[in-house]
Structures are given as structure tokens and as C-alpha cells.
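> need coordinates for the following:
(2 chains)
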Amino acid sequence: KQEVTQIPAALSVPEGENLVLNCSFTDSAIYNLQWFRQDPGKGLTSLLLIQSSQREQTSGRLNASLDKSSGRSTLYIAASQPGDSATYLCAVRDYGGSQGNLIFGKGTKLSVKP
Amino acid sequence: GAGVSQSPRYKVAKRGQDVALRCDPISGHVSLFWYQQALGQGPEFLTYFQNEAQLDKSGLPSDRFFAERPEGSVSTLKIQRTQQEDSAVYLCASSIQPSTFTGVGAQYFGPGTRLLVL
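This next block holds a predicted model:
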């Protein structure tokens, strides 16, 4: 059964710092991996989607990498801002008999201090 | 264009009450998913529809949970005889692609319905 783990569970950094969020998954047979942002009381906003054949995706200050063989992904945030404060969720779509549903980690709660 | 919408946004129910949660997916999206997110946890899959067909309900926690999508657009998640452990955020997501598509098939999420059972 696929399991997704995110480390750290919470992170507090000063504004301007570059940071890395980690995601690991137990079964490398995945179609894709998606990073989401969730603000308190809100739904999920998709940030980046990496297909299994890709190594990384970039959007603005965000860069996500995927190493499928080792079961790891990282989300790199450059020059962090207070507006980046949110919970970041990693999710995989795997082969395992599912209908395309995503399997999520518990998230990393990020706080960027001004 | 409109995104995925859900209603109500908040629902307080007394234990034993029945509730109905509505999801309006993005127009034309074939796939619709329901997820349950407990406090401090990531979302967990409940059920999947491809058009009007419910192809997977393996994540529904008990037979008190029932979902439908009769015309292949709007979906309703119904919880009968609510229990305190049903308190969670219920998220709906839609995707333009069917589940058999293994290419780029991002899921778009609604804002969720926060259910509190007292």
C-alpha cells in the first residue's frame, strides 16, 4: 500500500530565506506527483505536477524535483515571503488499483516571518 | 471560468442527523473525486465517479456514506446518522480526463465543506 511522508511537519523561517520541503513515497510505480498549497479554511491549490518521466518542474519561485527510483520529491521555494505561509501537501497518483485518486502526505505547515 | 464549487461551506449537525454535501465540478470534467480530510491530516480518498458511473467507492468508511452523480455533473455526498468521527473537511475534486488516462491529468479541488458533528 502506497504511503506518502512529508518532512518536516512544520517549518518556520525568516522572510527571504530559501527553503526545501521533502516528500517521500514507498512505491515508485507512480504516474505523477503533485504539490498543493492549502490555506487555513480553504481548499487545495495545485502548484506543480510532475509526470513520472520528468525530473523537475518550475513555476516562478517554486521548483519541484522528482527522483522516482528513490521515492523522493522536493519542493524548493526561493526567496520566501510571508504570503508563502500555508500548508504544503504532496500527493502521488500510483498504479495500485486506484481510479486515479491521489494519495496524500500529511503536509508541511510553513510559516514565513516578516 | 468557474472552478469547483461546494456547498454548504460549513455545516454543524447534531449526532444522528443526516447531511447532504454538494459539489459542482468544472463544466465538462469527466472525473469527480470525493476526499475526507481530518484535522491535521492529508485528504483521504472516498469515492470516484466517471461521468454518472460510480467506479470506486472503496474509501467510503461505512454504509452510512452514500454518493451520487445522477447526470454526470453535480454530485452529492450524503452521510446518514452522523457520528462525531465524521467531523472533517469534505473536499471534491474534478479532472477533465477519465481515470484510464495516465498522462497529465491534474485534479482541481473545491474549497471544501467543513462538517462538525456535535
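
> contacts and neighbour counts: CA atoms only from here.
Fine.

> what about residue B:117, how many residues nearby?
When neighbours are defined as other C-alpha atoms under 10 Å in any protein chain shown, residue B:117 has 17 of them.

> what of residue A:83?
Quick note: residue A:83 (other C-alpha under 10 Å) scores 11 neighbours.

> per-residue confidence at residue 9?
Just going to use chain A. Residue A:9 is assigned 94 on the pLDDT scale.

> actually chain B
95.

> also residue B:105?
Value for residue B:105, per-residue pLDDT: 66.

> for residue B:96, same thing?
Value listed for residue B:96 in the pLDDT field: 86.

> could you do the one 4 residues further on as well?
Confidence at residue B:100, expressed as pLDDT, is 62.

> where does chain B have low pLDDT?
Along chain B, the parts satisfying pLDDT under 70 run over B:1, B:99-105.

> now do 50
For chain B, no stretch has pLDDT under 50.

> please apply the same query to chain A.
Using pLDDT under 50, nothing in chain A is flagged.

> now residue 81. Nearest residue, chain neighbours left out?
Since you didn't name a chain, this refers to chain A. Leaving aside its sequence neighbours, residue A:81 sits nearest to residue A:15 (C-alpha to C-alpha, 6 or more residues apart in numbering or on different chains; 5.2 Å).

> chain B was what I was after
That would be residue B:16: by C-alpha to C-alpha, 6+ apart, it lies 3.9 Å from residue B:81.

> roughly how far apart are that neighbour and chain A?
Distance from residue B:16 to chain A, counting by C-alpha to the nearest C-alpha, to the nearest Å: 25 Å.
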